[in-house]
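*Asks:* Fold the following and give me the result.
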Amino acid sequence: MIIWLIGMSGSGKTTLGQKIYQARKANNKCTVFLDGDHVRDMLRNDVDHTIQGRYKNAERISHMCKFFDKENIDVIAAVLSIFPEWQAWNRENLNNYFEIFLDVPMSELIARDPKGLYKQAVAGKLDNFVGFDIEFPRPPNPDLIVTGDDMKDGIESTFNKIMRRI
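*Replies:* Model prediction:
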């Protein structure tokens with residue numbers, strides 16, 4: 001199974017992805033966690049954050065998922081996923097693909113700002129930031145949408161909602 005978490009920076013992708021990974025890994029040792037930032041690091045940060053660099057990273061993550069999928073390894077992927085064409089490719093090429101969109105309002109993302117990225121973007125000190133100078137298109141047909149309101153009850157409640165749907 002490929003569980004694909006989509007959302008803007010600070011939406012909770014990594015936190016929820018790690019919880020889902022831990023729960024799934026307890027029952028299936030053949031499970032991996034892919035985070036967009038970690039994939040960049042693993043591949044020596046050879047792509048930048050421009051649209052072109054982001055596209056190449058998206059392509060890599062989708063193809064990694066296909067490789068793991070063919071090996072019957074489950075994947076929890078936490079990615080911005082700003083390219084609807086790659087989401088469509090995933091649906092066509094991955095078995096048992098489940099897409100979760102973390103739909104958190106910009107005001108809440110700015111308030112959370114765990115890495116200080118929104119503060120930099122608002123101040124004009126950060127280029128190629130999704131949601132500011134790069135559009136974040138809503139995924140066209142996620143299997144599950146988790147809103148900021150859904151998350152107000154806490155991470156455990158959100159995690160439980162996701163696990164019931166998976």
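
*Asks:* now the farthest one out in this protein, which residue is it?
*Replies:* Relative to the centre of the chain, and counting by CA atoms, centre = their mean, the farthest-placed residue is residue 123 at 25.2 Å.

*Asks:* residues touching it, list them.
*Replies:* The contact partners of residue 123, taken as CB atoms under 8 Å, 6 or more residues apart in numbering, number zero. Placement of C-beta: from N, CA and C, glycine included.

*Asks:* any idea how far it is from residue 129?
*Replies:* As for residue 123, its distance to residue 129 is 11 Å (criterion: CB to CB, to the nearest Å).

*Asks:* Now do the residue lying closest to residue 49 once chain neighbours are set aside: how many residues are near it, please.
*Replies:* Counting by CB to CB, 6 or more residues apart in numbering, residue 128 is the residue found nearest to residue 49 once chain neighbours are left out, at 4.2 Å. Other residues within reach of residue 128, judged by other CB atoms under 10 Å, total 14.

*Asks:* Can you list the strands that the helix or strand containing residue 75 pairs with?
*Replies:* Counting by DSSP states H and E, the element that carries residue 75 is strand 74-79. Paired with strand 74-79 in the same sheet, following DSSP bridges, are strand 2-6 (parallel), strand 31-35 (parallel).
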